[in-house]
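Visitor: I would like the atomic coordinates for the input below:
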Amino acid sequence: MNRESRFEGVTVQEIEVKPATVREQRKAERRQQLLDAAASLFAERGFTSVRLEDLGAAVGISGPAVYRHFPNKEAVLVELMVGISEYLLDGGREVVGSRKVDEETVSALVDFHLDFAFETPAFIRIQDRDLQSLPEGARRKVRR
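Guide: As a prediction, this is how the structure comes out:
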């Protein structure tokens, strides 16, 4: 089953594995709510200025309850940034496809990236500003 997630007017198709129980489904939905809230909060305030209490409050739970979904705030940032990187990589591959790499293909690839940057400045802000907030191992995971 596919699910759409929206942030800044961009719709991202996500492949969703249907949870086995209602409880698991609610947990998956809450996790996505936390990621969406984190994207907004990190873009607005920066990773270092957002507390787990802020993130929890944004979705109606306590800060400590966030630990039911993520081991720490860094894990939230890593998941967001890996998601952005995967979206850009997959989109770039789709643009290039089986085309011959020529000026037209490179231009289409640049257009894809520019469209993303202009349509989702918050994501660009998060990657630009907050990548350095991660330890080296996490930065490598985002860049792969």
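
Visitor: Look at Val78 and tell me its secondary structure.
Guide: At Val78 the chain is in helix, as set by DSSP: H, G, I helix; E, B strand; the rest coil.

Visitor: what's the neighbour count on Gln127?
Guide: Using other CB atoms under 10 Å, the number of residues around Gln127 comes to 16. No exception for glycine: its C-beta is placed from N, CA and C like everyone else's.

Visitor: Val106 too?
Guide: Val106 is flanked by 12 other residues according to other CB under 10 Å.

Visitor: Surely it forms part of a strand?
Guide: No - using three-state DSSP, the secondary structure at Val106 is helix, not a strand.

Visitor: Would you quantify the distance from it to Val96?
Guide: Computed as CB to CB, to the nearest Å, the Val106 to Val96 distance reads 9 Å.

Visitor: can you give me the helices for the protein?
Guide: 22-45, 52-58, 73-96, 103-119, 121-130, 136-143 (DSSP state H).

Visitor: Relative to Pro64, which of these is closest?
Guide: helix 52-58 (7.4 Å; CB to CB).

Visitor: mind showing which ranges of this protein have poor pLDDT?
Guide: Residues of the chain meeting the criterion pLDDT under 70: 1-19.

Visitor: mind putting the helices of the chain in a markdown table, distance to Pro64 included?
Guide: Formatted as a markdown table, the helices of the chain follow (distance: least, CB to CB, whole Å):
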| stretch | distance to Pro64 |
| --- | --- |
| helix 22-45 | 13 |
| helix 52-58 | 7 |
| helix 73-96 | 12 |
| helix 103-119 | 35 |
| helix 121-130 | 23 |
| helix 136-143 | 22 |
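
Visitor: And stretch 114-131, what's buried?
Guide: Using 16 or more other CB atoms under 10 Å as the test for burial, stretch 114-131 gives Phe116, Thr120, Phe123, Ile124, Ile126, Gln127, Asp130.

Visitor: from those, which is closest to Lys73?
Guide: Looking at the buried residues of stretch 114-131 and their distance to Lys73, the nearest is Asp130, at 10.8 Å (CB to CB).
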